[in-house]
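1. The following block contains a protein sequence and its predicted model.
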Amino acid sequence: METIYGSSFKDADAVYTCQFDGRGGMTAIDMNASATPAQPFWQHLDYRNPKSYRWIMETDLLPESVKVGLAGESLRPKIIRTGDGTMITLRTINSNESERPDQLVVFRIYINSKIVISSRHRKVHSLEQVLSDLQNGIGAQTTGHWLVDMVDAITDEVGNFIEDLHDNLIELENMILEQRIPGRGGLALLRKQLIVLRRYMAPQRDVFARLASERLPWMSDEDRRRMQEISERLGRELDDLDGCIARTAIISDEITSMMADAMNRRTYVMSLFAMVFLPTTFLTGLFGVNLGGIPGNEYYLGFSIFCLLLLGLIIFVAWWLKRSRWL
């Protein structure tokens, strides 16, 4: 094929398209340009774009299973080999404005020695670094090199988010040490984010490990070595996630214990108040009956004396509770 773009890649309405120059740089390709098969090239699509979706489903360059993968609803990280190419589904942090980071972005890739077709709907911010390196002439020289740079950028983004979650966890632990009860909504959100990351990053680590171990023809030994290092780095981040999840369980138990202690203290104080006033309640009830013959009912100082007796009784009961170490 003398010219690839302009025939096979026309009307894809790509987010961006470029051809590697083999020296770490790239050549941007517009709809009226052409590209030769001398160097690999990369086309990045939004699969929710009707034109891009139509191109994916109608092109002869992709196997049917790859078409479904690039434009489908698969969410879990996985890898599928199809002939000389490989279909890869990955997840990364959602850094888009007004969206939560734990609402992970799905990123799909079909790659072989000549082409890279990637698709997403929400923007993948970690790809900006890969594109910037290509624009500055310090990026990928081959498709395997591009894949390693891309997963490295994604793993860095995941690692930075895990560090942010770890800082939030330390802040909650400090609040517990200061006997302050954090908001349960904040702890619940933190725990959910940790669990969501753990759920999707574990299979993603397995994908990286498989890419490092399989003898894919478009990956060099150096690419495999770097991919193995990234897999191990993500594995260490997963260990941190497991530790953080366990620590949130401890924080939850501490919050429950602190709330139970506070409730017990309140109940204890109310019980002491009831005990202090129990004798006086009995006497006031007794002297409040509507019957004749109540002592002092005709004496003008009777009520005052009765109140003083009640006060003395309260003081005595309080002294007795203090002496018995109930107070």
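-> Arrived safely.

2. which helix of this protein spans the most residues?
-> When the chain is scanned for its longest helix (criterion: DSSP state H), the result is helix 221-287.

3. Work out the gap between it and the centre of the chain.
-> Mean C-alpha position of helix 221-287 versus that of the full chain (CA atoms, centre = their mean, to the nearest Å) differs by 21 Å.

4. Quick one: name whatever helix or strand follows that helix.
-> Later in the chain than helix 221-287, the nearest helix or strand by DSSP states H and E is helix 302-323.

5. avg pLDDT for the longest helix of the chain?
-> Here helix 221-287 scores 86 as its mean pLDDT.

6. Low-confidence stretches in the protein?
-> By pLDDT under 70, the weakly predicted segments of the chain are 1-9, 30-37, 184, 286-287, 289-294, 296-300, 302, 326-327.

7. Flag every buried residue along stretch 55-72.
-> 55-56, 61-62, 66-67, 69-71 (16 or more other CB atoms under 10 Å). C-beta here means a position set from N, CA and C on the backbone, and glycine is covered the same way.

8. can you list the residues that contact stretch 319-327?
-> 272, 275-276, 318 (CB atoms under 8 Å, 6 or more residues apart in numbering).

9. mind giving me the domain ranges of this protein?
-> Following the TED database, one finds the domains of the chain at 4-255, 267-322.

10. Pick the most deeply packed of these.
-> Of all these, domain 4-255 has the most neighbours on average by mean count of other CB atoms under 10 Å, namely a mean of 17.

11. helices or strands next to the longest helix of the chain in the packing?
-> Packed against helix 221-287 by the contact rule (3 or more CB pairs under 8 Å, 6 or more residues apart in numbering; DSSP states H and E) you find helix 143-177, helix 184-213, helix 302-323.

12. quick one on the thing from earlier: how about the domains of the chain in JSON lines, adding distance to residue 261?
-> Listed next are the domains of the chain as JSON lines, based on distance: least, CB to CB, whole Å:
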{"stretch": "domain 4-255", "distance to residue 261": "10"}
{"stretch": "domain 267-322", "distance to residue 261": "10"}
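
13. how distant is stretch 204-222 from the center of its chain?
-> How far stretch 204-222 lies from its chain's middle: 26 Å, per CA atoms, centre = their mean.

14. Then stretch 131-150?
-> Here the centre of stretch 131-150 is set off from its chain's centre by 28 Å, with CA atoms, centre = their mean.

15. hmm, back to that, need the buried residues of stretch 55-72 in JSON lines with secondary structure and distance to residue 312, can you?
-> Output for the buried residues of stretch 55-72, formatted as JSON lines (DSSP: H, G, I helix; E, B strand; the rest coil; distance: CB to CB, whole Å):
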{"residue": "55", "secondary structure": "helix", "distance to residue 312": "95"}
{"residue": "56", "secondary structure": "helix", "distance to residue 312": "91"}
{"residue": "61", "secondary structure": "coil", "distance to residue 312": "99"}
{"residue": "62", "secondary structure": "coil", "distance to residue 312": "95"}
{"residue": "66", "secondary structure": "helix", "distance to residue 312": "92"}
{"residue": "67", "secondary structure": "helix", "distance to residue 312": "92"}
{"residue": "69", "secondary structure": "helix", "distance to residue 312": "87"}
{"residue": "70", "secondary structure": "helix", "distance to residue 312": "88"}
{"residue": "71", "secondary structure": "helix", "distance to residue 312": "87"}
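
16. Can you add distance to residue 45 and give these back as TSV?
-> As requested, those are exported to TSV (distance: CB to CB, whole Å):
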residue	distance to residue 45
55	8
56	7
61	13
62	11
66	13
67	12
69	13
70	8
71	9
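
17. Need the max-distance pair from those residues.
-> Greatest spatial distance in these: 55 and 69, 14.8 Å, computed using CB to CB.
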